[in-house]
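Asker: this one's structure only:
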């Protein structure tokens, strides 16, 4: 018997992933690493399947193919996992509905909560999962793209000796929920409520009489924020929360900037990009304080 045509295998992989994700509509991301640009297509299930040929041609030209649900949904993605981590997830009651191998030995797992979550709740659930299982914290949000199975991962680091690139493959596709879903959803709701209460406290503090604060006058340090389970290792959110907290208590902007600089920001780019990050963080914090309702 002749081997199936590659496009048949790609179409089958796409259809399987769509069946498991079980959403009415999707956002398909086509990323061009040369132009550093993502084109986002808003497609129904049927439209995604009809576009397999088009996506294959884009993939062959070096573009990456991603997918995520459109709008609120009942899924969470955990990125950058190893096979042994997925085994631990199953043992602890967090069996994924879908496991996709994005490159040899690297996995993405989609978990099905069985209930649609708000964007804020879904993001917090993603952060709780990433913290528990060591997933990529920068990918832990409600709208993060995962790779679409059946296409190649075109990152240069994965190019093989023969010039080919590895296919993104489905390793598991049960479509089932996980036994700890209710506990996880409740944990995320509690963490979200705690964060909102902390933000309200910071805004309220802006309306109280205060003297200019020094670093020693604050009851919480930036390290406290960065280590807080609430932020699940997301230093960007922790920096912003600290900046809001410190500025609302009278700390000078330069002093807050110095505190943000206490961690390595080299991943942000050169010195100018690092300064831009700090300035954006201070501006967002100041805007949040200005928008605080008067008490």
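Answerer: Yes, it's here. The shown structure was predicted, so the numbers you read here are calculated from the model rather than taken from an experiment.

Asker: Pass me the low-pLDDT residue ranges in the stretch 151-295 of the chain, would you?
Answerer: The model of the stretch 151-295 of the chain has pLDDT under 70 over residues 199, 201-217, 291-295.

Asker: Let's see that with 80 instead.
Answerer: Within the stretch 151-295 of the chain, the segments meeting pLDDT under 80 span 195-218, 271-272, 290-295.

Asker: what number of residues lie near residue 138?
Answerer: Residue 138 has 15 neighbours, counted by other Cβ atoms under 10 Å. C-beta here means a position set from N, CA and C on the backbone, and glycine is covered the same way.

Asker: Let me fix that, I meant to ask about residue 227.
Answerer: Neighbour count for residue 227, taken as other Cβ under 10 Å: 12.

Asker: List of residues touching the strand or helix carrying residue 11?
Answerer: Element membership for residue 11 (DSSP states H and E) is helix 6-21. When contacts are defined by Cβ atoms under 8 Å, 6 or more residues apart in numbering, helix 6-21 is touched by residues 26, 45, 48-49, 52-53, 56, 67, 69, 75, 97-98, 100, 110, 148-151, 168-170, 173-175.

Asker: rerun at 7 Å
Answerer: 45, 48-49, 52-53, 56, 69, 75, 97-98, 110, 148-151, 170, 173, 175 (Cβ atoms under 7 Å, 6 or more residues apart in numbering).

Asker: Those residues in strands, which ones?
Answerer: Using DSSP state E, 69, 75, 98, 110, 170, 173 are the members of the contacts of helix 6-21 that sit in strands.

Asker: which residues of the stretch 1-150 of the chain fall in helices?
Answerer: 6-21, 45-50, 52-60, 83-91, 119-133 (DSSP state H, counting those that start in this stretch).

Asker: which residues of the chain fall in strands?
Answerer: Assigned by DSSP E, the strands in the chain fall at 25-32, 37-44, 64-69, 73-81, 98-103, 106-117, 146-147, 169-173.

Asker: list the buried ones in the second one?
Answerer: Of the residues in strand 37-44, residue 43 count as buried by neighbour count, 16 or more other Cβ atoms under 10 Å.

Asker: Make 13 the starting number, not 1.
Answerer: Will do, 13 is the new start, and the previous item becomes strand 49-56.

Asker: Run the angle between it and helix 18-33 for me.
Answerer: Going by axes from the mean of the first three to the mean of the last three Cα atoms, to 10 degrees, strand 49-56 is angled at 70 degrees with respect to helix 18-33.

Asker: do the fourth one as well
Answerer: With the same axes, to 10 degrees applied, the angle from strand 85-93 to helix 18-33 works out at 120 degrees.

Asker: Sheet partners, orientation included, of strand 85-93?
Answerer: Looking at strand 85-93 with DSSP bridges, its partner strands are strand 118-129 (antiparallel).

Asker: do the shortest one as well
Answerer: Next to strand 158-159 in the sheet, as set by DSSP bridges, lie strand 76-81 (antiparallel).

Asker: quick check, distance from the strand it pairs with to the centre of its chain.
Answerer: In terms of Cα atoms, centre = their mean, to the nearest Å, the centre of strand 76-81 is set 13 Å apart from its chain centre.

Asker: now swap in stretch 174-182 and tell me
Answerer: Counting by Cα atoms, centre = their mean, stretch 174-182 is centred 24 Å from the centre of its parent chain.

Asker: List the contacts of it.
Answerer: Contact partners of stretch 174-182, identified using Cβ under 7 Å, 6+ apart, comprise 25, 28-29, 112-116, 159-166, 170-171.

Asker: re the thing from before, make JSON lines from the helices of the stretch 13-162 of the chain and add distance to residue 249 and mean neighbour count to it.
Answerer: Listed next are the helices of the stretch 13-162 of the chain as JSON lines, based on distance: least, Cβ to Cβ, whole Å; neighbours: other Cβ atoms under 10 Å:
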{"stretch": "helix 18-33", "distance to residue 249": "27", "mean neighbour count": "18"}
{"stretch": "helix 57-62", "distance to residue 249": "32", "mean neighbour count": "14"}
{"stretch": "helix 64-72", "distance to residue 249": "33", "mean neighbour count": "16"}
{"stretch": "helix 95-103", "distance to residue 249": "23", "mean neighbour count": "14"}
{"stretch": "helix 131-145", "distance to residue 249": "9", "mean neighbour count": "21"}
